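Colleague: Can you look at this prediction? I've put the sequence above it.
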Amino acid sequence: MSPQPHIHFIATGGTIAMRIDPATGGAVPALTGAELTAAVPGLQLIGQVDVEEFANIPSEHMQPEFWLRLARRIQQIIAQGDTDGIVILHGTDIMEETAFFLDVTVPTPMPIVFTGAMRSASDPKADGPANILDAAAVAASLDARERGVLIVMHGDIHSARRVTKIDTSAVDAFESIMPPDLGTVRSGLVEFSAAWSPRVHVPLPAQLPRVDIITMYAGVDDFALRGALERGAAGLVIAGVGAGNVNQALFEGVNHALAAGIPVVISSRVPFGGAQPLYSYAGGGMALRRAGAIFAHDLSPQKARVLLMVALGAQYDQRGLEELFV
């Protein structure tokens with residue numbers, strides 16, 4: 001790295017770039033990335049900063065096509081060879097999915113750090129500026145290299161694979177699961193713990209196929225599952241209960257999908273513990289595995305979907321998928 005690290009910001013929008021609209025009383029996109037970074041005292045002391053306005057949208061408006069374009073753009077930045085770290089400003093609702101997509105498809109030792117805000121720029125206690133400063137410090141840190149894509153929020157450093165949003169409004173809305181946080185940022189000092197997170201890499205595909213998440217709940221049948229197949233789903237993720245279990249009706253739907261050659265990945269709607277085959281009754285994890293379903297283990301349903309989409313786009317077969325979900 002150069003004596004003064006070069007940090008490239010990519011702004012995509014989110015609450016961090018919003019202000020309250022007086023006419024509606026709600027937050028709306030309003031600020032550019034350049035305006036956001038220019039308002040952060042001390043940012044230039046961390047390193048040389050440039051800002052790219054990639055989009056300015058709520059993260060709910062993210063589409064898989066957006067992920068592909070963002071990954072290709074980051075590949076271009078890396079290939080130029082003059083950047084030491086990348087910070088992506090992003091809405092928090094879908095942040096973990098975008099971050100995990102890049103973690104899987106853009107292998108690089110360069111730090112790629114996501115951050116955002118839980119409070120809009122209009123809030124007298126806006127958390128965006130502090131998060132930007134912390135994210136820049138991590139992106140400039142030598143210790144952040146080779147750790148994959150990171151999310152930095154409220155002074156905590158998380159891996160893209162293990163982080164999830166756990167609160168709808170608190171500024172410390174993100175938490176790592178299995179293991180704890182990777183580190184912290186306090187007064188500009190970046191410290192990493194001994195925690196680690198596994199990583200997998202899949203070549204960036206040209207397109208991403210449709211993959212749907214089907215949730216298990218009391219009384220569910222296979223209507224949504226069959227509807228997803230009718231709409232062209234190339235793969236399914238089941239958000240099971242407990243360690244990854246479903247009822248008889250959904251079990252029959254899973255068997256129907258598998259018989260049609262559609263890969264099915266079993267995750268859990270429970271945030272901690274992961275999905276694993278424990279029960280042998282019809283719909284239990286062992287029965288699902290015997291039927292040919294793949295277990296997501298530590299991956300949440302939304303991240304299992306990301307990985308399945310990428311792998312199917314890269315033409316992975318059943319064996320390749322089984323080796324990927326470890």
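Modeller: Perfect, I can see it now.

Colleague: going forward, measure contacts between C-alpha atoms and count neighbours the same way
Modeller: Will do.

Colleague: Would you agree residue 34 is in contact with residue 51?
Modeller: Yes - using CA atoms under 8 Å as the test, residue 34 is close enough to residue 51 to be in contact (5.8 Å).

Colleague: Neighbour count: those two, which is higher?
Modeller: residue 51 (20 against 16; other CA atoms under 10 Å).

Colleague: which SS class is the more buried one?
Modeller: Put simply, residue 51 is strand when judged by DSSP: H, G, I helix; E, B strand; the rest coil.

Colleague: From residue 192, how far out is it?
Modeller: Distance from residue 51 to residue 192, counting by CA to CA, to the nearest Å: 26 Å.

Colleague: Over to residue 294?
Modeller: For residue 294, the distance to residue 192 - CA to CA - is 33 Å.

Colleague: Look at those two and report which has more neighbours.
Modeller: Ranked by neighbour count (other CA under 10 Å), residue 294 and residue 192 place residue 294 first, with 25 against 16.

Colleague: so what's that one bridging to?
Modeller: Following DSSP bridges, residue 294 is listed with bridge partners residue 265.

Colleague: residues touching it, list them.
Modeller: 263, 264, 265, 266, 321, 322, 325 (CA atoms under 8 Å, 6 or more residues apart in numbering).

Colleague: biggest helix in this protein, by residue count?
Modeller: Taking DSSP state H as the criterion, the chain has its longest helix at helix 64-80.

Colleague: Quick one: mean pLDDT for whatever helix or strand comes next after that helix?
Modeller: Using DSSP states H and E, the helix or strand that follows helix 64-80 towards the C-terminus is strand 85-89. Across strand 85-89, pLDDT averages out at 98.

Colleague: chain center to strand 85-89, what's the gap?
Modeller: When distances are taken as CA atoms, centre = their mean, to the nearest Å, strand 85-89 is centred 14 Å away from the chain's centroid.

Colleague: what does stretch 166-174 give?
Modeller: The chain centre lies 15 Å from the centre of stretch 166-174; the measure is CA atoms, centre = their mean.

Colleague: I'd like the average pLDDT over that stretch.
Modeller: On average, the pLDDT along stretch 166-174 is 97.

Colleague: Also stretch 123-136?
Modeller: Rounded mean pLDDT across stretch 123-136 is 98.

Colleague: Check which residues of that stretch are buried.
Modeller: For stretch 123-136, a neighbour-count test (16 or more other CA atoms under 10 Å) marks 126, 127, 128, 129, 130, 131, 132, 133, 134, 135, 136 as buried.

Colleague: And stretch 32-52, by the same measure?
Modeller: Result for stretch 32-52 [16+ other CA under 10 Å]: buried residues 32-34, 36-37, 43-44, 46-51.

Colleague: what's in contact with stretch 277-290?
Modeller: By CA under 8 Å, 6+ apart, the residues outside stretch 277-290 that reach it are 243, 244, 245, 246, 247, 248, 250, 251, 276, 295.

Colleague: Save those residues as CSV, and put in neighbour count, pLDDT and distance to residue 106 too.
Modeller: Compiled in CSV, these are given as follows (neighbours: other CA atoms under 10 Å; pLDDT from 0 to 100; distance: CA to CA, whole Å):
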residue, neighbour count, pLDDT, distance to residue 106
243, 24, 98, 30
244, 29, 98, 29
245, 30, 98, 33
246, 29, 98, 34
247, 20, 98, 38
248, 17, 98, 40
250, 26, 98, 35
251, 20, 98, 35
276, 22, 96, 28
295, 27, 98, 24
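
Colleague: so what's residue 262 closest to, chain neighbours aside?
Modeller: In space, and not counting its chain neighbours, residue 262 is closest to residue 235: 5.4 Å by CA to CA, 6 or more residues apart in numbering.

Colleague: so how far is residue 214 from the residue nearest to residue 167 when sequence neighbours are not counted?
Modeller: The spatial neighbour of residue 167 that comes closest, neighbours along the chain excluded (CA to CA, 6+ apart), is residue 173 at 4.7 Å. Relative to residue 214, residue 173 is positioned 25 Å away (CA to CA).

Colleague: The two - which one has more neighbours?
Modeller: More neighbours surround residue 214 than the other of residue 173 and residue 214, with 20 against 16 (other CA under 10 Å).

Colleague: In three-state terms, label the more buried one for me.
Modeller: Relying on three-state DSSP, one would call residue 214 strand.

Colleague: Dihedrals phi and psi, the residue nearest to it when sequence neighbours are not counted?
Modeller: Leaving aside its sequence neighbours, residue 214 sits nearest to residue 238 (CA to CA, 6+ apart; 4.9 Å). Torsion angles at residue 238 (phi, psi; degrees, to the nearest 10) stand at phi -100, psi 120.

Colleague: Okay, and the beta partners of residue 238?
Modeller: residue 214, residue 266.

Colleague: That one contacts residue 215, doesn't it?
Modeller: Yes - Residue 238 lies in contact with residue 215 (CA under 8 Å); the separation is 5.9 Å.
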